[in-house]
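Visitor: Structure of the sequence below:
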Amino acid sequence: MSKLLDSLKQFDEKISYKCFRAVPKTKKWKTILKSFEYSCNGIAWLTITLILIYLNPDFKPYSYLLGGLVLDIVYVALLKAWARRRRPTYARQDDQLLLLSDKHSFPSGHATRAIYVALFTHLFFKNLVLTTLFFIWALSVVACRILLGRHHLFDVVCGCLIGYLEYLFQFTILKFMNPIFFSLVLNVFASSNTNDMDDASLDFD
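Guide: So this is what the prediction gives:
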């Protein structure tokens, strides 16, 4: 069994390296690939979602998205701590945005997040053009992780599957949690807005 796993691991690393070498590492290509990498940064997505909630706290899907993104971080962190697979050694890993000492490769958090967001967009916005654009973006993010040498192929494929399972669990088995996310977010932002109004009235007086 161990020999089979070692063979699969070597095959995965070999294919991943070939994919990495397939794209020339010119400034133009690296800019394109890194743009997709930055566009799926976890902190950026949490920030954008919080801004959207602040602007429209009554729109429930934004609260669901925030809950899903937080759960995604938890799932990926636990799996990385369990698997402890190192990132590819044939590519630089110290030039990532807000790496935060994340040296583990399995699964790809960018892949889980990208697929989850694309599926979420399809579920709540029902717009063919928007959904198509998000799926193209998600697949581009997934591809850039291999082409930049951030992850092995297996890490990314599993990341896509995990992103799908996160989406499936949140809106089927864990569906009861979505109203809880909305209630928590609404209470936080409602109290924040109340405090802002109180401060404004004090300034006026």
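Visitor: Which of the residues in the strand or helix carrying Pro61 are classified as buried?
Guide: For Pro61, the host element (DSSP states H and E) is helix 60-83. Across helix 60-83, burial judged by 16 or more other CB atoms under 10 Å covers 60-69, 71-73, 75-76, 79-80. (C-beta placed from N, C-alpha, C; glycine too.)
Visitor: for stretch 29-45, same thing?
Guide: Going by neighbour count (16+ other CB under 10 Å), the buried part of stretch 29-45 is Lys30, Leu33, Phe36, Glu37, Cys40, Asn41, Gly42, Trp45.
Visitor: Contacts for the helix holding Pro61 next, please.
Guide: 42, 45-46, 49-50, 52-53, 56-57, 102, 104-107, 109, 112-113, 116-117, 120, 124, 162-163, 166-167, 170, 177-178, 181-182, 184-186 (CB atoms under 8 Å, 6 or more residues apart in numbering).
Visitor: so what's the residue nearest the centre of the chain up against?
Guide: Closest residue to the average C-alpha location of the chain: Arg113 at 2.3 Å, with CA atoms, centre = their mean. For Arg113, the contacting residues are Cys40, Gly42, Trp45, Leu69, Asp72, Gly163, by CB under 8 Å, 6+ apart.
Visitor: roughly how far apart are the fourth one and Glu166?
Guide: Here the distance between Leu69 and Glu166 works out to 10 Å (CB to CB, to the nearest Å).
Visitor: Please apply the same query to the first one.
Guide: From Cys40 over to Glu166 the distance is 14 Å, taken as CB to CB.
Visitor: Filter the contacts of helix 60-83 down to the buried ones, ChimeraX style.
Guide: To isolate the buried members of those in ChimeraX, using 16+ other CB under 10 Å:
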select :42,45,49,50,52,53,57,104,105,106,107,109,112,113,116,117,120,162,163,166,167,170,177,178,181,182,185
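Visitor: Report the contact partners of the closest residue to Asp58 other than its chain neighbours.
Guide: Once flanking residues are discounted, Asp58 sits nearest to Leu186: 7.5 Å by CB to CB, 6 or more residues apart in numbering. By CB under 8 Å, 6+ apart, Leu186 lies in contact with Pro57, Asp58, Ser63.
Visitor: I'd say the first one and Val185 touch.
Guide: Same thing as Pro57. Yes: Pro57 lies in contact with Val185 (CB atoms under 8 Å); the separation is 6.8 Å.
Visitor: quick one: least confident helix or strand in this protein?
Guide: One helix or strand of the chain scores below all others by mean pLDDT, DSSP states H and E: helix 177-204, with a mean of 60.
Visitor: Now do the residue nearest to the centre of the chain against Pro88, distance only.
Guide: Distance, Arg113 to Pro88, by CB to CB: 20 Å.
Visitor: got it, and Ile173?
Guide: According to CB to CB, Ile173 and Pro88 sit 34 Å apart.
Visitor: Neighbour count: the two, which is higher?
Guide: Pro88 (20 against 10; other CB atoms under 10 Å).
Visitor: In a strand, that one, correct?
Guide: No: Pro88: not assigned to a strand; according to DSSP: H, G, I helix; E, B strand; the rest coil it is coil.
Visitor: who's in contact with it?
Guide: Glu13, Ser16, Tyr17, Phe20, Ser105, Gly149, Arg150, His151, His152.
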